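>>> take a look and give me a structure for this.
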Amino acid sequence: MGVLHRPPTSSTSHRISRIGPWATVVLAALLYAGVYALRADDRNVVNAEDVMLALPLALLALRFGVRGALAGSVIALALLGVWDAEARNTSVSLEGFLSLGLTFVLLGLLVARFVEQRQELEAALMQYFDDSLDLLATADLEGRFTRLNDAWERTLGHSVKTLCSRPFIEFVHPEDRDRTIAETAAMVDGGRDAVGFRNRYRGADGSYRWLEWNARLAPGRATINAFARDVTALVEAEQLAAAHADELEHAVAARTRELEESREKMIRRLALAAEYRDDDTFEHTERVGALAAAVAEELGLDVEDVEVLRLAAPLHDVGKIGIPDAILLKPGKLTPEEYDVMKRHTVLGARLLTGSGAPVLELGCQIAETHHERWDGNGYPGGLAGEEIPLAGRIVAVADVFDALTHERPYKDAWPEEEAVAEIAQGAGGQFDPLVVAAFLAVQDRKRAARNGGAGACSELSLVPRPHVGTALSRTR
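This is a model prediction of the structure:
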């Protein structure tokens with residue numbers, strides 16, 4: 001952005017305009033006399049007087065305009081006539097005198113017209129300076145304003161005299177002074193040709209107005225030319241918008257938390273609806289979720305994936321809602337036909353949870369369908385093997401079997417924890433993923449150590465070193 005400032009007063013026309021009219025006439029007369037004396041003293045000066053006579057003529061034109069140009073031309077032509085008469089030079093014809101006279105007139109008019117245009121331009125710029133709604137200013141390198149337009153008084157209430165009588169930094173808000181000094185120094189020291197910034201200026205009533213500045217050093221590097229705009233309304237609008245944005249962000253965050261809590265409650269109730277049919281304690285799903293999350297954390301999964309798995313794992317048996325009570329609650333061993341019906345709960349659960357678009361429910365769908373698959377490929381319903389089984393299904397398979405072994409069911413008594421841990425370890429590479437089993441054993445080892453206050457008892461059952469798996473659940477198979 002350009003810098004607008006009051007036009008400088010050091011031009012030639014301004015300097016001459018400071019000379020009084022009579023002083024200008026005397027100076028021009030002295031110049032004419034000097035030219036005449038030089039011509040009279042040295043007859044060898046040929047046509048030089050024509051050039052030298054242009055100096056007083058231009059002086060009169062600069063001071064008096066067209067009138068001065070015409071008067072100067074007449075005087076110059078008269079002097080030439082006198083010189084030729086004294087020299088009895090008859091070689092200059094009437095046409096020659098007229099030609100010289102016309103040359104002097106044109107030269108004078110040209111200078112006069114240039115001066116008039118310059119004065120009109122300066123007058124227009126000065127009028128703009130005085131009438132501009134922008135705050136226009138010049139300042140010296142000592143930090144004081146030297147010239148201000150009327151917009152300053154309209155904006156701040158201080159008179160121009162007051163603003164120019166003290167260092168301008170005194171009017172700047174204390175919090176903005178360091179920035180103002182730094183920006184000015186960067187320009188004055190030659191680091192930047194121009195600067196632009198915002199600061200607050202104190203008004204006559206004690207309040208502060210936000211000003212947006214553009215400033216540049218004058219070519220002589222002794223003056224700073226600048227303009228500022230009152231952007232108080234804009235800054236207040238920006239601050240209000242930012243405050244509303246913060247409020248909206250907090251409201252959205254609060255609403256998101258409410259939705260998350262509602263979603264978790266819905267997921268728990270959905271899991272309990274299935275668990276209600278074969279677990280009077282209603283704790284199996286929560287235990288499976290907690291253990292699955294601990295194993296996933298041991299495997300090195302991201303915190304977000306661990307949390308999603310903790311919420312999704314309890315949905316592993318949601319398909320049991322569709323299994324008849326006669327089969328689900330049968331205290332004895334199931335017949336092959338009944339077992340085929342029981343195995344359908346994996347497919348039923350997947351159908352119930354699929355297509356929701358919610359990460360927890362989508363992962364729950366995956367778990368419901370695959371948590372009875374086996375690492376060796378002999379599981380159901382798809383007969384998947386190895387890493388064809390999603391990691392979430394492989395983790396929940398271990399957590400589900402361990403919890404089922406260690407808690408009483410209508411068809412069996414609870415196993416001691418040590419026997420259940422040994423059973424899981426024995427299933428590594430057959431029923432279960434060896435890496436998942438290793439992570440499970442590490443979790444159990446730490447639990448045992450925490451209870452006993454020493455080394456755990458599961459370390460001797462570990463089949464492989466503690467693994468570190470950092471892959472997202474949704475992309476791991």
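>>> and G379, that's in a helix?
No - G379: not assigned to a helix; according to DSSP: H, G, I helix; E, B strand; the rest coil it is coil.
>>> so which residues of the stretch 51-200 of the chain form helices?
54-64, 66-86, 94-131, 151-156, 160-165, 177-188 (DSSP state H, counting those that start in this stretch).
>>> which helices and strands does the third one pack with?
This points to helix 94-131. helix 12-17, helix 54-64, helix 66-86 (3 or more CB pairs under 8 Å, 6 or more residues apart in numbering; DSSP states H and E). C-beta coordinates here come from the backbone N, C-alpha and C atoms, glycine included.
>>> if you set the cut-off to 10 Å instead, what comes out?
Using 3 or more CB pairs under 10 Å, 6 or more residues apart in numbering; DSSP states H and E, the elements in contact with helix 94-131 are helix 12-17, helix 48-52, helix 54-64, helix 66-86, strand 135-140, helix 151-156.
>>> and the second one, by the same measure?
In terms of contact count using 3+ CB pairs under 10 Å, 6+ apart, helix 66-86 is assigned the packing partners helix 21-41, helix 48-52, helix 54-64, helix 94-131.
>>> least reliable of the ones you listed going by mean pLDDT?
Lowest mean pLDDT within those: helix 48-52, at a mean of 58.
>>> let me see the ranges of the helices in the stretch 201-350 of the chain.
Along the stretch 201-350 of the chain, the segments classed as helices by DSSP H, counting those that start in this stretch run 232-275, 284-298, 303-312, 325-328, 336-353.
>>> let's have the ones you listed in a markdown table, adding distance to V115 and mean neighbour count.
Formatted as a markdown table, these follow (distance: least, CB to CB, whole Å; neighbours: other CB atoms under 10 Å):
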| stretch | distance to V115 | mean neighbour count |
| --- | --- | --- |
| helix 232-275 | 43 | 13 |
| helix 284-298 | 88 | 23 |
| helix 303-312 | 79 | 20 |
| helix 325-328 | 110 | 14 |
| helix 336-353 | 91 | 17 |
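>>> mind putting those helices into a markdown table with distance to D140?
Listed next are those as a markdown table, based on distance: least, CB to CB, whole Å:
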| stretch | distance to D140 |
| --- | --- |
| helix 232-275 | 27 |
| helix 284-298 | 68 |
| helix 303-312 | 61 |
| helix 325-328 | 94 |
| helix 336-353 | 77 |
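>>> okay if I get those helices as CSV plus mean pLDDT and distance to D178?
CSV is the format used below for these (pLDDT from 0 to 100; distance: least, CB to CB, whole Å):
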stretch, mean pLDDT, distance to D178
helix 232-275, 78, 19
helix 284-298, 93, 49
helix 303-312, 93, 42
helix 325-328, 85, 75
helix 336-353, 91, 60
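>>> who wins for proximity to T184 among the ones you listed?
Minimum separation from T184 across the helices of the stretch 201-350 of the chain (CB to CB) falls at helix 232-275, 20.9 Å.
>>> now the closest one against helix 284-298, angle please.
Going by axes from the mean of the first three to the mean of the last three CA atoms, to 10 degrees, helix 232-275 is angled at 120 degrees with respect to helix 284-298.
>>> name the helices or strands packed onto helix 232-275?
strand 194-202, strand 208-217, helix 284-298, helix 303-312, helix 336-353, helix 359-370.
>>> let's go with 8 Å and repeat that
strand 208-217, helix 284-298, helix 303-312, helix 359-370.
>>> now the ones you listed as CSV including distance to A420?
Below are the helices and strands packed on helix 232-275 laid out as CSV (distance: least, CB to CB, whole Å):
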stretch, distance to A420
strand 208-217, 71
helix 284-298, 12
helix 303-312, 21
helix 359-370, 21
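>>> between the ones you listed, which gets nearest to R255?
Taking CB to CB, helix 359-370 is the member of the helices and strands packed on helix 232-275 nearest to R255, at 18.0 Å.
>>> I'd like the next helix or strand past that closest one.
Counting by DSSP states H and E, the next helix or strand C-terminal to helix 359-370 is helix 391-405.
>>> next, the buried residues of whatever helix or strand comes next after that next one.
Later in the chain than helix 391-405, the nearest helix or strand by DSSP H and E is helix 417-426. Residues of helix 417-426 classed as buried: A420, V421, I424, A425 (neighbour count, 16 or more other CB atoms under 10 Å).
>>> show me what the very next helix or strand once past helix 417-426 is packed against.
Downstream of helix 417-426, the first helix or strand assigned by DSSP H and E is helix 434-452. Under the contact definition 3+ CB pairs under 8 Å, 6+ apart, helix 434-452 sits against helix 284-298, helix 391-405, helix 417-426.
>>> how about those in CSV, adding distance to D189?
Compiled in CSV, those are given as follows (distance: least, CB to CB, whole Å):
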stretch, distance to D189
helix 284-298, 57
helix 391-405, 62
helix 417-426, 74
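>>> before we move on, the earlier item: out of the helices and strands packed on helix 94-131, which gets the lowest mean score?
The minimum mean pLDDT among the helices and strands packed on helix 94-131 belongs to helix 12-17 (a mean of 50).
>>> low-confidence regions, the stretch 351-477 of the chain specifically.
410-411, 453-477 (pLDDT under 70).
>>> rewinding a little: which stretch among the helices and strands packed on helix 94-131 approaches A222 most closely?
Judging the helices and strands packed on helix 94-131 by CB to CB, what sits closest to A222 is strand 135-140, at 7.1 Å.
>>> can you list the strands that the closest one pairs with?
Applying DSSP bridges, strand 135-140 is found paired with strand 145-148 (antiparallel), strand 223-230 (antiparallel).
>>> counting neighbours, which bits of the shortest one end up buried?
Going by neighbour count (16+ other CB under 10 Å), the buried part of strand 145-148 is F145, R147, L148.
>>> out of those residues, which is nearest to Q119?
R147 (19.2 Å).
>>> the closest one is in contact with D140, isn't it?
No - applying CB atoms under 8 Å as the test, R147 and D140 come out as separate, 10.1 Å apart.
>>> can you tell me the centre-most residue of this structure?
Geometric centre of the chain, nearest residue: A242, 13.2 Å, by CA atoms, centre = their mean.
>>> just send the strands paired with strand 135-140 back as CSV, with mean pLDDT and distance to P331 too.
Shown next, in CSV, are the strands paired with strand 135-140 (pLDDT from 0 to 100; distance: least, CB to CB, whole Å):
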stretch, mean pLDDT, distance to P331
strand 145-148, 90, 98
strand 223-230, 88, 86
